[in-house]
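> Sequence plus the predicted model coming up.
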Amino acid sequence: MLNDIYLHIQAHLSLLDMALNTSDKIKFFASTGDIDQVISETENRERLLNVITQIQGAVETKISALGPHDLEEDSLLILKTWFSDLAIWSEKMIELDRETVELLNQHKEDTTKEIATIFKNKEMFKGYNHTAKK
């Protein structure tokens, strides 16, 4: 039973690393203004997070089924380390998401300003009659 838990933990941690890498990609694409790639990578991360949630649920269920006689000191250390890794991962993900949101907000502001400038220029030339000039 413990070996099965350890295998699930290893798979879980690998997927967490993949999710962090995907978040880095999202941040990069947000910094370059490539919104299509931001959306694509966000969808990929969402799929990863769904798998991570399933594996984490399975691990937690198996851990709760363990009795005190099933756990040795090494097993407890591995589980504590896994929980610690989850906390660290969560903090990193929150920080990356915060930075990405800031980049996307800046991109939104820039786009809004550009639209306002275009509209203003259009309004300035609206009354100008090109055909009356010779």
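Perfect, thanks for sending it.
> Could you pull out the helices in this structure for me?
2-32, 35-65, 73-124 (DSSP state H).
> any chance of those helices in CSV, with mean neighbour count and mean pLDDT too?
For the C-beta atoms, the positions are set from N, CA and C on the backbone; glycine is no exception. Putting the helices of the chain into CSV (neighbours: other CB atoms under 10 Å; pLDDT from 0 to 100) gives the following:
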stretch, mean neighbour count, mean pLDDT
helix 2-32, 17, 94
helix 35-65, 14, 94
helix 73-124, 12, 90
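> From residue 43, how far out is the most centrally placed residue in the chain?
Nearest residue to the geometric centre of the chain (CA atoms, centre = their mean): residue 23, 4.2 Å. For residue 23, the distance to residue 43 (CB to CB, to the nearest Å) stands at 13 Å.
> go on, residue 99?
20 Å.
> Repeat that for residue 113.
Distance from residue 113 to residue 43, by CB to CB: 29 Å.
> cool, and residue 78?
33 Å.
> now swap in residue 85 and tell me
In terms of CB to CB, residue 85 sits 25 Å off from residue 43.
> Repeat that for residue 37.
11 Å.
> re the thing from before, would you enumerate the residues in contact with the closest residue to the residue nearest to the centre of the chain other than its chain neighbours?
Leaving aside its sequence neighbours, residue 23 sits nearest to residue 96 (CB to CB, 6 or more residues apart in numbering; 4.3 Å). Residue 96 is in contact with 20, 23, 24, 26, 27, counting by CB atoms under 8 Å, 6 or more residues apart in numbering.
> next one: residue 11
residue 55.
> go again using 10 Å as the cut-off
By CB atoms under 10 Å, 6 or more residues apart in numbering, the contact list for residue 11 reads 51, 52, 55, 58, 59.
> just residue 36 next, same as before
Listed by CB under 10 Å, 6+ apart, the contact partners of residue 36 are residue 29.
> 6 Å instead?
Residues counted as contacts of residue 36 (CB atoms under 6 Å, 6 or more residues apart in numbering): none.
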